[in-house]
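Asks: would you be able to build a 3D model of this:
(one chain, ligands or ions: 2)
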Amino acid sequence: ETMLELEGVKKGYNRGKPSEVLVLRGATLSVAKGEVVALVAPSGAGKSTLLHIAGLLDVPDAGTVRLGGRAMGGLSDRARTEARREEVGFIYQFHHLLPEFTALENVMIPQLANGAPRAKAEARARELLEKVGVGARAGHRPAALSGGEQQRVAFCRALANAPKLLLADEPTGNLDPATSDQVFGVLMELVRATGLSALIATHNLELAARMDRIVRLSAGAVS
Ligand code: ADP
Ligand code: ADP
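Replies: Numbering: from 1, shown residues only. Ligands and ions are numbered 1, 2, ... in the order given. As a prediction, this is how the structure comes out:
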């Protein structure tokens, strides 16, 4: 069973202008349920563009995106946003935690925004923070945490609403090699424990080798 399918996806920017760039030239890719796929691409190859299209943050110029077998073409902006909120979790290279809130609150907020009761959101946030080894840091604001701890909290936030698909763009790219290695291990354990499907972009071939499969993006196509 397939969680994510991109078929013949094309995407350009500044169309019809002299500055037009064609980024994706017919990218085709799939991620099975429970599968963790590494996306390896040189800088500028269109990795962020592909992840944004897969995560319903952006729409392709041509081609098909299917999530859980359902075609996403022709959805209204509102329906697309709803599908993204329900199905997809994002992790970036930088944590993007809200600085004025604690780690616990940062993991509760997306749940509260989705209508979860406060007590339930807090219990789930604590459980996730414990799982990734930062339970004791729940009451701290991001600035008081190390880079590795901040990223662990960001993982919890991405999984707070129990998405089915995780999209990550260099999730440990901001960390020193030893921390990156360790924090990546934490992410993989979390993903495996929840049976999530994931597409994880990385330049790090050692990390890529720890995933189920590697796909490469170059010249706007996937191989
Ligand atoms: P990657 O994540 O692989 O580095 P991106 O998907 O961010 O690549 O970008 C691919 C190409 O598209 C780059 O040449 C980039 O400059 C260009 N690009 C990305 N976003 C835009 C945009 N909003 N407008 C114009 N060009 C863009
Ligand atoms: P980049 O790697 O492209 O520089 P960052 O890692 O700084 O980007 O993360 C910011 C990204 O968050 C932007 O590229 C933006 O498209 C993306 N974004 C916008 N809205 C949302 C959203 N609702 N959920 C997740 N990501 C979003």
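Asks: residue in the chain with the shortest distance to ligand 2?
Replies: residue 92 (3.5 Å; Cβ to the nearest ligand atom). Placement of C-beta: from N, CA and C, glycine included.
Asks: run a quick neighbour tally on that residue.
Replies: Residue 92 has 18 neighbours, counted by other Cβ atoms under 10 Å.
Asks: identify the residues contacting it.
Replies: 154, 168, 169, 170, 171 (Cβ atoms under 8 Å, 6 or more residues apart in numbering).
Asks: take the residues you listed and keep only those in strands.
Replies: Counting by DSSP state E, these place 168, 169 in strands.
Asks: and the helix or strand bottoming out on mean pLDDT in the chain, what does it pack onto?
Replies: Here the helix or strand of the chain ranked lowest by mean pLDDT, DSSP states H and E is strand 221-222, holding a mean of 80. Contacts defined by 3 or more Cβ pairs under 8 Å, 6 or more residues apart in numbering; DSSP states H and E place strand 221-222 against strand 21-32.
Asks: okay, now the unreliable bits of this structure?
Replies: For the chain, no stretch has pLDDT under 70.
Asks: tell me which element the closest residue to residue 174 other than its chain neighbours falls in.
Replies: Counting by Cβ to Cβ, 6 or more residues apart in numbering, residue 93 is the residue found nearest to residue 174 once chain neighbours are left out, at 5.0 Å. Using DSSP states H and E, residue 93 sits in no helix or strand.
Asks: in the longest helix anywhere in the chain, which residues are buried?
Replies: The longest helix of the chain (DSSP state H) is helix 177-194. By neighbour count with 16 or more other Cβ atoms under 10 Å, helix 177-194 contains the buried residues 179, 180, 183, 184, 186, 187, 188, 190, 191, 194.
Asks: who's in contact with the residue most central in space within the chain?
Replies: Centroid-nearest residue in the chain, with Cα atoms, centre = their mean: residue 167, separated by 2.3 Å. Listed by Cβ under 8 Å, 6+ apart, the contact set of residue 167 reads 51, 54, 55, 88, 89, 90, 91, 198, 199, 200.
Asks: good, we can wrap up now.
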